[in-house]
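Student: Kindly return the folded structure for what I paste below:
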Amino acid sequence: MIDLMTHLFRLQAIVEEGSLRRAALRLNVTQPALSRSVAQIEERLGQPLLERHARGVLPTPFGEKVLTSVMRLSRQWELAEEELLSTSVDPKGKISIDAGPLWRTVVLPQLFDPLQKAHPNLEIDLTNLAQGSGVEKLLDGRIDALFGGLQFASDLPPRLVARAFTTFHDRVVAREDHPILSLRGDDGEIPVEALLDYPWLVYTADPIYEIETVHAANERLGRTPDIRITTQSLMSAINILQRSDCVSILPDAAVTNTVNPSVIALPVALGRRTAKSGVIFREEMAEWPPLVTLLDLCEAHFGGASAAVQA
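Tutor: Purely as a prediction, here's the structure:
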């Protein structure tokens with residue numbers, strides 16, 4: 001088992017360096033030793049793993065699949081090694097997280113302090129969730145958890161687990177002293193047509209918000225609203241809404257704690273999409289203590305038990 005892992009990690013180094021020579025220098029072994037490692041893996045798996053190109057050594061399609069497994073195993077090996085070598089009760093470690101804007105700016109910052117108090121030696125690496133790359137990074141072991149919308153959870157590969165913590169509600173929002181609020185009728189509702197009289201801000205970090213803004217307005221009002229500002233930054237969107245007459249569609253949780261002035265959901269019948277949100281992680285990480293603690297903190301934050309999302 002140890003010999004096989006050594007050969008696999010050597011294969012990973014060759015692919016990352018793009019040449020046997022550079023991989024040999026990095027690992028402080030000879031090039032013939034690396035060639036023998038690759039040959040032994042190929043003999044065991046029955047297919048070629050590498051091929052030479054003008055740009056250097058590249059993995060074959062089968063080699064890419066093997067490399068994905070190696071990277072995932074490398075992360076598990078790293079965690080196990082840290083735990084075994086540590087003499088402290090709480091071993092050193094690192095948790096790598098990709099998170100969507102709402103989780104990254106609103107939810108997780110409230111949880112990191114208690115997480116690090118529970119695991120004082122833990123390093124946290126939080127990065128932006130890029131569209132379409134999170135699942136691949138999870139499978140490769142480049143990240144340990146992905147926090148965001150779970151709209152595609154039913155299509156996840158078998159090794160990944162999704163847990164929903166809450167449902168976010170998209171609402172039309174504006175500052176609490178926005179002039180549109182003076183148009184509320186006896187029923188407390190703002191006529192939906194009034195939204196066309198004000199400039200719109202579109203939050204573009206998730207394409208669904210631009211689609212929702214344009215589609216909802218066209219469907220209900222027959223024309224596109226006056227979009228004046230687009231931004232990928234959730235914090236910028238909130239700051240602009242606080243300082244202008246813009247209206248926008250945002251998840252309600254994004255504006256809950258805004259002040260001076262508050263940004264509030266408008267009483268208007270438009271933009272009321274709901275979406276489950278939570279975490280996706282590799283099944284083998286389910287009992288890793290820092291992740292267990294973080295998921296418990298998420299449950300406590302949202303005031304209830306999480307639910308597994310069925311494939």
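Student: any idea which strand is longest in the chain?
Tutor: strand 160-175 (DSSP state E).
Student: what's it packed up against?
Tutor: Here strand 160-175 touches helix 134-140, helix 234-242, strand 248-251, strand 263-265, strand 274-282, helix 289-302, strand 307-308, going by 3 or more Cβ pairs under 8 Å, 6 or more residues apart in numbering; DSSP states H and E. In short, each C-beta sits where N, CA and C put it, glycine included.
Student: can you put these in CSV and add mean neighbour count, mean pLDDT and distance to residue 102?
Tutor: Listed next are the helices and strands packed on strand 160-175 as CSV, based on neighbours: other Cβ atoms under 10 Å; pLDDT from 0 to 100; distance: least, Cβ to Cβ, whole Å:
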stretch, mean neighbour count, mean pLDDT, distance to residue 102
helix 134-140, 18, 82, 15
helix 234-242, 19, 94, 7
strand 248-251, 26, 92, 6
strand 263-265, 20, 95, 14
strand 274-282, 20, 90, 7
helix 289-302, 18, 93, 12
strand 307-308, 12, 54, 19
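Student: Output the ones you listed in TSV, with distance to residue 19 appended to each entry.
Tutor: TSV is the format used below for those (distance: least, Cβ to Cβ, whole Å):
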stretch	distance to residue 19
helix 134-140	21
helix 234-242	42
strand 248-251	47
strand 263-265	54
strand 274-282	31
helix 289-302	36
strand 307-308	44
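Student: measure the closest residue to residue 245 other than its chain neighbours to residue 99 for me?
Tutor: Computed as Cβ to Cβ, 6 or more residues apart in numbering, the closest residue to residue 245 that is not its neighbour in sequence is residue 198, at 5.5 Å. Counting by Cβ to Cβ, to the nearest Å, the separation of residue 198 from residue 99 is 31 Å.
Student: and these two? which has more neighbours close in?
Tutor: Between residue 198 and residue 99, residue 99 has the larger neighbour count (other Cβ atoms under 10 Å), namely 21 against 17.
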